[in-house]
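**Q** Predicted model follows, preceded by the sequence.
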Amino acid sequence: MFGVGMDVFDIIRGRRSVRAFKPDPINEKDLEKILDAGRLAPSAGNCQPGEFVVVRDEAVKQKLVRAARGQSFVAEAPVVVVVCANVPRTSGRYGRRGAELYCIQDTAAAVQNILLTAYALGYGTCWVGAFDEGAAAKAIKTPPDVRPLAMIPIGMPAEKPSPTLRLPLSKIVHENRF
């Protein structure tokens, strides 16, 4: 199912949000590939606002669980990557729109690259966006202008979630106007 022979469409179609993980450690070379995929995501004006905090420490993971409104599966994974936006990198060039939109779009692209690469390498992930940003920032000790925008627990999946229903293209694609 994973690895050699998978094309990008197989990876996109196969990836699921995993909320149960085995305790097996992540291969360091795999983790580097996963993080590098996030680094290679497109960004407005190539400002590259993404910052990745790799959390393995159990005490810090528990703080992230509390920040994530008790989503305990976050701490089950051997690694949690907190994807942050270094806001001044983008706002310095694009002002308010850079701070309020572009750096968020850019980090979202990095998150998607991380999710797809992790899946292609055989790992499970979940894009966690429901959390108290201030509590997460405190847990990972970000500087004031760096915003944690997503948490991604990564590990060997202990479950295989079923596909979720998606709207058909006929309901979401519009020609020339809405």
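**A** Alright, I've got the coordinates.

**Q** Pull the residues that contact stretch 68-80.
**A** If you take Cβ atoms under 8 Å, 6 or more residues apart in numbering as the criterion, stretch 68-80 is touched by 19-21, 23-26, 31, 54-56, 58, 61-62, 64-65, 124, 126, 128, 130-132, 136, 151-155. For every residue, glycine as well, the C-beta is placed using N, CA and C.

**Q** Beyond the helix or strand containing Ile12, next helix or strand please.
**A** Here Ile12, judged by DSSP states H and E, is contained in helix 8-14. For helix 8-14, the following helix or strand on the C-terminal side (DSSP H and E) is helix 28-39.

**Q** what mean pLDDT would you report for that following helix?
**A** Averaged across helix 28-39, pLDDT comes to 98.

**Q** Who are the packing partners of whichever helix or strand comes after that helix?
**A** Sequence order places strand 50-55 as the next helix or strand after helix 28-39, per DSSP H and E. When contacts are defined as 3 or more Cβ pairs under 8 Å, 6 or more residues apart in numbering; DSSP states H and E, strand 50-55 packs onto helix 28-39, strand 79-86, helix 103-120.

**Q** Tabulate those (a markdown table), appending mean neighbour count and distance to Phe178.
**A** Shown next, in a markdown table, are the helices and strands packed on strand 50-55 (neighbours: other Cβ atoms under 10 Å; distance: least, Cβ to Cβ, whole Å):
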| stretch | mean neighbour count | distance to Phe178 |
| --- | --- | --- |
| helix 28-39 | 16 | 32 |
| strand 79-86 | 24 | 29 |
| helix 103-120 | 22 | 21 |
